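> Here is my input; please provide its structure:
(2 chains)
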Amino acid sequence: SQTIHQWPATLVQPVGSPLSLECTVEGTSNPNLYWYRQAAGRGLQLLFYSVGIGQISSEVPQNLSASRPQDRQFILSSKKLLLSDSGFYLCAWSVDGTGGTQYFGPGTRLTVL
Amino acid sequence: QKEVEQNSGPLSVPEGAIASLNCTYSDRGSQSFFWYRQYSGKSPELIMSIYSNGDKEDGRFTAQLNKASQYVSLLIRDSQPSDSATYLCAVNDGGTSYGKLTFGQGTILTVHP
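Numbers count the residues shown, from 1 in each chain, chains lettered A, B, ... in the order given. Take a look at the predicted model:
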């Protein structure tokens, strides 16, 4: 069966510090991978998606970046965090041929102070 | 911009009642429709998917789809306090092949004993 991991689970960072969030998927090959952010009381905002190694598409221009160094690894980064980067970061995966069904990881709650 | 709108909440129903959650979408090319449940502080979990017009039943949950009206709904029968959560409607982007979803803002459901 497929499993998706995210770490860390919670993170408190000062403004201007760097960020690295990691997501890994087990039990499937060549998944489509997604990063979402959910601000408090808000919906899900798609930040990045990837259909393969090294292939990253950005949905929202901002100070975040994403990378996919391996087939089942997806990383979200920032060089300098802003207060507005606080939120619940969710990684999700899907595979082609399933109508776009996405499955979410447990999430990382980021607080920027 | 493709939009997904959910009925504003919060929705409060007594235990044992039917809870009705509604969603409209703007993309006429969408083919896949999903309902996710999100407990407070947790990540979304898939509870229903529907691809064809009509009803789809799974236990106490029934999803209804009307593509002509661009409308999808979720009925929860015999509502339980454990059903109290935020329900997210998601619709696939008809113009992509990699499973991009657009999410509604969510409807908060409270089932009171």
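
> can you tell me which residues contact residue B:55?
Contact analysis of residue B:55 by Cβ atoms under 8 Å, 6 or more residues apart in numbering or on different chains lists B:62, B:63, B:64. Any C-beta I mention is one placed from the backbone N, CA and C, and that applies to glycine too.

> How about residue B:27?
Applying Cβ under 8 Å, 6+ apart, the residues contacting residue B:27 are B:2, B:91, B:93, B:94, B:95, B:102.

> out of the contacts of residue B:55, who's nearest residue B:28?
Taking Cβ to Cβ as the measure, residue B:28 sits nearest to residue B:64 out of the contacts of residue B:55, at 18.0 Å.

> For the residue most central in space within chain A, which residues count as its bridge partners?
The central residue of chain A, meaning the one whose C-alpha is nearest the mean C-alpha position (Cα atoms, centre = their mean), is residue A:35 at 3.0 Å. Assessed by DSSP bridges, residue A:35 has beta-bridge partners residue A:48, residue A:91.

> out of the contacts of residue B:27, who has the most neighbours?
Top of the contacts of residue B:27 by neighbour number is residue B:91, holding 26 neighbours under the definition other Cβ atoms under 10 Å in any protein chain shown.

> so what's that residue scoring on pLDDT?
At residue B:91, the model reports a pLDDT of 94.

> That one: which element?
Under the assignment given by DSSP states H and E, the secondary-structure element containing residue B:91 is strand B:85-92.

> re earlier: got a markdown table for the contacts of residue B:27, with distance to chain A too?
As requested, the contacts of residue B:27 are exported to a markdown table (distance: Cβ to the nearest Cβ, whole Å):
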| residue | distance to chain A |
| --- | --- |
| B:2 | 11 |
| B:91 | 9 |
| B:93 | 8 |
| B:94 | 10 |
| B:95 | 12 |
| B:102 | 8 |
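
> what's the neighbour count on residue A:54?
Residue crowding around residue A:54 was assessed by other Cβ under 10 Å; the count is 9.

> That one is in contact with residue A:71, isn't it?
No. At 10.4 Å, residue A:54 and residue A:71 do not qualify as touching, with contact defined as Cβ atoms under 8 Å.

> Please name the residues that touch residue A:78.
With Cβ under 8 Å, 6+ apart as the criterion, the residues that contact residue A:78 are A:18, A:19, A:63, A:64, A:65, A:85.

> Low-confidence ranges, chain A, go.
In the predicted model, chain A carries pLDDT under 70 at residues A:61.

> How about the residues of it by chain B?
For chain A, the contact set with chain B under Cβ under 8 Å from any Cβ of the partner chain comprises A:32, A:42-44, A:46, A:49, A:51, A:90, A:94, A:96, A:98-107, A:109.

> all strands in chain A, in order from the N-terminus.
Counting by DSSP state E, chain A forms strands over residues A:3-7, A:10-13, A:19-26, A:32-38, A:44-52, A:55-58, A:64-70, A:73-78, A:87-94, A:103-104, A:108-112, given from the N-terminal end onward.
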